[in-house]
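Student: my questions concern the predicted model and sequence given below.
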Amino acid sequence: MSAPLLGQGIIKGLVETARNFVGSYVEKDRLTTVQYPEERVPQKEAARNFPFLVYDGEDWEKGLRCVACCICEKECPPQCIYIVKDTARKPDYLGKLQFQPKVFDIDTSVCMSCQICVEVCPFDAIKMDVEYELSTGNRFDGLLQRKAQLAKPNQYFHKIHPAEAAEVDGRLDAEKAKAEAKAKAAAAAKAAAG
């Protein structure tokens, strides 16, 4: 039985370190540093930063899914969401009359990206964005995101969170088909009775 070499563990550690060092120059997937901002690491689908409002159709004002129910404003822990409900119902992108927010502001300097507003929204109108470059030269400019800045199309939502967007759209389509079937059944029953 031979005695182990003194320092064998140190030698193994140095060999592993050398292998990793050389491998980081040869294998692209082992590179850990990117030259930001010229190079960017693609965002993971689960990434989240600040909320944005989803809209359907071409016109962001008519297509907003938000109906100003103010649940997100009430549930927000740092109280960074400010909503003023419009007094009149306006047609959405499908022509259906509904309430919309007159004012919808989020103070990004206070938002803690907890995603509670997303979880409590019954209309899937607010989702988390992956955009993180929100800094400006003026400390008072850009901290308060207004409704026009927060509104982003459903296609953008599909681009940044494809699995979640597909699930949400599937659920919304099923609810819409169910409502249409119920309306047709009610119309048929009314026609049969009348």
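Tutor: That came through fine.
Student: switch to C-alpha atoms for all contacts and neighbour counts from now on
Tutor: Fine.
Student: ok, longest helix in the protein?
Tutor: Longest helix of the chain, by residue count under DSSP state H: helix 162-193.
Student: in the chain, which residue is closest to the centre?
Tutor: Centroid check for the chain by Cα atoms, centre = their mean gives Met128 as the closest residue, at 2.4 Å.
Student: how about that residue: what's its closest non-neighbour residue?
Tutor: Of all residues not flanking Met128 in the chain, Pro51 sits nearest, at 4.3 Å (Cα to Cα, 6 or more residues apart in numbering).
Student: separation between that neighbour and Glu39?
Tutor: In this view, Pro51 and Glu39 are 25 Å apart by Cα to Cα, to the nearest Å.
Student: same drill for those two, tell me which one is more crowded.
Tutor: Neighbours were counted for Pro51 and for Glu39 using other Cα atoms under 10 Å; Pro51 has more, 25 against 9.
Student: by mean pLDDT, flag the weakest helix or strand of this structure.
Tutor: Ranking every helix and strand in the chain by mean pLDDT, DSSP states H and E puts strand 90-91 at the bottom, with a mean of 85.
Student: can you report how many residues lie near the nearest residue to Cys111 once chain neighbours are set aside?
Tutor: Excluding the flanking residues, the one nearest Cys111 by Cα to Cα, 6+ apart is Cys80, at 5.9 Å. Using other Cα under 10 Å, Cys80 has 18 other residues around it.
Student: looking at it, Cys80 is touching Ile116, isn't it?
Tutor: No - look at Cys80 against Ile116 with Cα atoms under 8 Å: they stay out of range, at 11.9 Å.
Student: I'd like the distance from the residue nearest to the centre of the chain to Ala187, if you could.
Tutor: Counting by Cα to Cα, the gap from Met128 to Ala187 is 40 Å.
Student: related to what we said a few turns ago, the residue nearest to the centre of the chain against Val118, yeah?
Tutor: Yes - between Met128 and Val118 there is a contact at 7.2 Å, judged by Cα under 8 Å.
Student: name the residues contacting each of those two.
Tutor: Listed as contacting both Met128 and Val118 by Cα atoms under 8 Å, 6 or more residues apart in numbering are Pro51.
Student: report the contact partners of Ile116.
Tutor: Going by Cα under 8 Å, 6+ apart, the list of residues near Ile116 reads Cys72, Glu75, Cys76.
Student: could you redo the last one with a cut-off of 7 Å?
Tutor: The contact partners of Ile116, taken as Cα atoms under 7 Å, 6 or more residues apart in numbering, are Cys76.
Student: same question for Ala148.
Tutor: By Cα under 7 Å, 6+ apart, no residues touch Ala148.
Student: burial count for Cys66?
Tutor: For Cys66, the neighbour count with other Cα under 10 Å is 21.
Student: my guess is it meets Lys102, correct?
Tutor: No - assessed by Cα atoms under 7 Å, Cys66 is found out of contact with Lys102, at 10.7 Å.
Student: shouldn't Lys102 be within a helix?
Tutor: No - with DSSP: H, G, I helix; E, B strand; the rest coil as the criterion, Lys102 is located in strand rather than a helix.
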